[in-house]
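J.: My questions are about this predicted structure, shown below with the sequence.
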Amino acid sequence: MQYRKDKHGNKLSALGLGCMRFPRDKSETERMVLAAIEGGVNFFDTAYIYPGSEATLGSILANHDKRKDVFIATKLPSMFLKSAADFDKYFSEQLRRLQTDYIDHYFIHNLPDFAAWERLVNMGIEDWLAEKKAAGKIRQIGFSFHGTCDEFIKILDAYPWEFTMIQYNYYDETYQAGREGLHAAAKKGIAVMIMEPLLGGQLATGLPKQAVAIFEKSNPSLTPADWALWWLWNQPEITVVVSGMKNTQITESNLRSINNFRPLSDKELAVYADVVALTRKSYKIKCTSCNYCLPCPKGINIPACLSIYNNSYLQGYSKGITQYATSTAIITKKPNSPRLCNGCGKCEKDCPQKIPIRQELKKVARRFEPLPIRMMLALVRRIIG
């Protein structure tokens, strides 16, 4: 494992384990977490709003006496806070779930703009954070961000942050805080954690074949995931790359990647521009499958619909329609087709990528459920009763 120091000199593993996408199988989750720790990972990132994540991580660490071996990062759900009383309400619950009496790295979760931070300041969050830090309940304070770079800089300058987390990868180099935000944070001497390094897995398994061929021609020993992770580790301003691992196999693959990492050559760095150009032609919707848009009041599996739409352009329509039929159950009596969208807009309010989801769902429906297919589906439903 390779390590990088945070603002206070703590050695954090350059590869962190993102706990948002824990597998449903608790035994597999346990194997994955223990494999990561054995491989040298010591930064574990979770959040209050990740279903079951905090409790699962806390249980594994407690059962195997690993709490002292890791840095726990979790997040105060800023979107749920209505008054100062909520600070302790959620924090106490998080300590209980994680079976610990302190948090190493505590994020203010998902600040989209400076106004969101000002709202919390007016509630008294600065005094509350100072109190928790003085009591040793919170070791370091930071924020995760989804918004424009200008707003990121404003938040960065508004408080003595010790770390931050931004979405950043070779495909999204100028998206949200982007490279400019990364350098601004590093200039202040604070640690920078990276989320969505693989764009929800798309940069690992969803690249166009031509893009994969470009990588293979340059260095056939590296996988597409290696290329994405190495691009980040190649930048000294980055402290931890948080990868949302779904199983032990992916964990072991990521461990091999960091253990084999070495600085990229100029020739290798030049390859990314060609890969990005090709990929941009294929991805129609920039969904990372973070699932923040769920649950949909109408039961629509929004991330699956958007992902399948993209895949149908990458892998062909026939494969796409097969995936679509399975994921949306459109041949059953109670389908969850995107055509059921009532335009409530809940999904768009929660989407950190600011995707116009209602508009995109209409595109998905037009592509996979044109009139002839809808007529055929109606006939099938009558037959199946």
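T.: Arrived safely, thanks for sending. Numbering: from 1, shown residues only.

J.: quick check, distance from the longest helix along the chain to the centre of its chain.
T.: Determined from DSSP state H, the single longest helix within the chain is helix 266-282. Remark: helix 266-282 is offset 22 Å from the chain centroid, using Cα atoms, centre = their mean, to the nearest Å.

J.: what packs against it?
T.: Using 3 or more Cβ pairs under 8 Å, 6 or more residues apart in numbering; DSSP states H and E, the elements in contact with helix 266-282 are helix 209-218, helix 224-233, helix 302-314. Yep, even glycine has a C-beta here, placed from its N, CA and C like the rest.

J.: Output the below-cut-off pLDDT ranges for this protein.
T.: 315, 325-335, 373-374, 377-385 (pLDDT under 70).

J.: Name all residues that make contact with the spatially most central residue of it.
T.: What sits nearest the mean C-alpha location of the chain, by Cα atoms, centre = their mean, is residue 196, with 4.4 Å. Contacts of residue 196 were listed using Cβ atoms under 8 Å, 6 or more residues apart in numbering, and they are 167, 168, 169, 172, 244, 288, 290.

J.: For residue 183, state which of these is nearest.
T.: Of all those, residue 183 sits closest to residue 168, with 11.1 Å by Cβ to Cβ.

J.: Okay, and the beta partners of the nearest residue to the closest one once chain neighbours are set aside?
T.: In this structure, residue 168 finds its nearest non-sequential neighbour in residue 194, 5.1 Å apart by Cβ to Cβ, 6 or more residues apart in numbering. Legend: beta-bridge partners of residue 194 under DSSP bridges are residue 166, residue 241.

J.: contact partners of the longest helix of the chain?
T.: Against helix 266-282 from outside (Cβ under 8 Å, 6+ apart): 170-171, 207-208, 210-211, 214-215, 218-219, 227, 231, 234, 310, 313-314.

J.: what two of the residues you listed are the furthest from one another?
T.: 234 and 313 (29.8 Å).

J.: Just list the residues touching the closest residue to residue 352 other than its chain neighbours, thanks.
T.: The spatially closest residue to residue 352, leaving aside those adjacent along the chain, is residue 146, at 3.7 Å (Cβ to Cβ, 6+ apart). For residue 146, the contacting residues are 110, 111, 112, 167, 176, 352, 353, 354, by Cβ under 8 Å, 6+ apart.

J.: Could you dump these into CSV with neighbour count, distance to residue 183 and secondary structure added?
T.: Formatted as CSV, the contacts of residue 146 follow (neighbours: other Cβ atoms under 10 Å; distance: Cβ to Cβ, whole Å; DSSP: H, G, I helix; E, B strand; the rest coil):
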residue, neighbour count, distance to residue 183, secondary structure
110, 22, 22, strand
111, 23, 19, strand
112, 19, 21, coil
167, 22, 15, strand
176, 21, 14, coil
352, 19, 22, coil
353, 19, 22, coil
354, 13, 23, coil
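
J.: quick check, nearest of the residues you listed to residue 124?
T.: Closest approach to residue 124 among the contacts of residue 146 (Cβ to Cβ): residue 111, at 16.6 Å.

J.: quick revisit: could I get the contacts of residue 146 as a markdown table with distance to residue 62?
T.: As requested, the contacts of residue 146 are exported to a markdown table (distance: Cβ to Cβ, whole Å):
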| residue | distance to residue 62 |
| --- | --- |
| 110 | 27 |
| 111 | 31 |
| 112 | 34 |
| 167 | 31 |
| 176 | 35 |
| 352 | 31 |
| 353 | 35 |
| 354 | 38 |
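
J.: and these, which two are the farthest apart?
T.: Top of the distance list for those (Cβ to Cβ): 111 and 353, 15.4 Å.

J.: where along the stretch 101-250 of the chain do the strands fall?
T.: 103-111, 138-145, 163-167, 191-195, 240-244 (DSSP state E, counting those that start in this stretch).

J.: So which elements touch the first one?
T.: Same thing as strand 103-111. Here strand 103-111 touches strand 71-76, helix 114-123, strand 138-145, going by 3+ Cβ pairs under 8 Å, 6+ apart.

J.: Same check on the third one?
T.: For strand 163-167, the elements it packs on are strand 138-145, helix 178-187, strand 191-195, judged by 3+ Cβ pairs under 8 Å, 6+ apart.

J.: tell me the angle of it relative to strand 103-111?
T.: 50 degrees (axes from the mean of the first three to the mean of the last three Cα atoms, to 10 degrees).

J.: can I see the domain layout of the chain?
T.: Domain assignment of the chain by automatic domain parsing yields the ranges 3-281, 302-384.

J.: Residue 291: neighbouring residues, count only.
T.: Close neighbours of residue 291, defined as other Cβ atoms under 10 Å, add up to 17.

J.: Is it correct that it is in contact with residue 303?
T.: Yes: Residue 291 is within contact range of residue 303, at 5.8 Å (criterion: Cβ atoms under 8 Å).

J.: Mind checking the strands of the stretch 101-250 of the chain for the one nearest to residue 59?
T.: strand 103-111 (16.4 Å).

J.: Go through the helices and strands packed on strand 163-167 and name the closest to residue 360.
T.: Here strand 191-195 is closest among those (Cβ to Cβ), at 21.8 Å.
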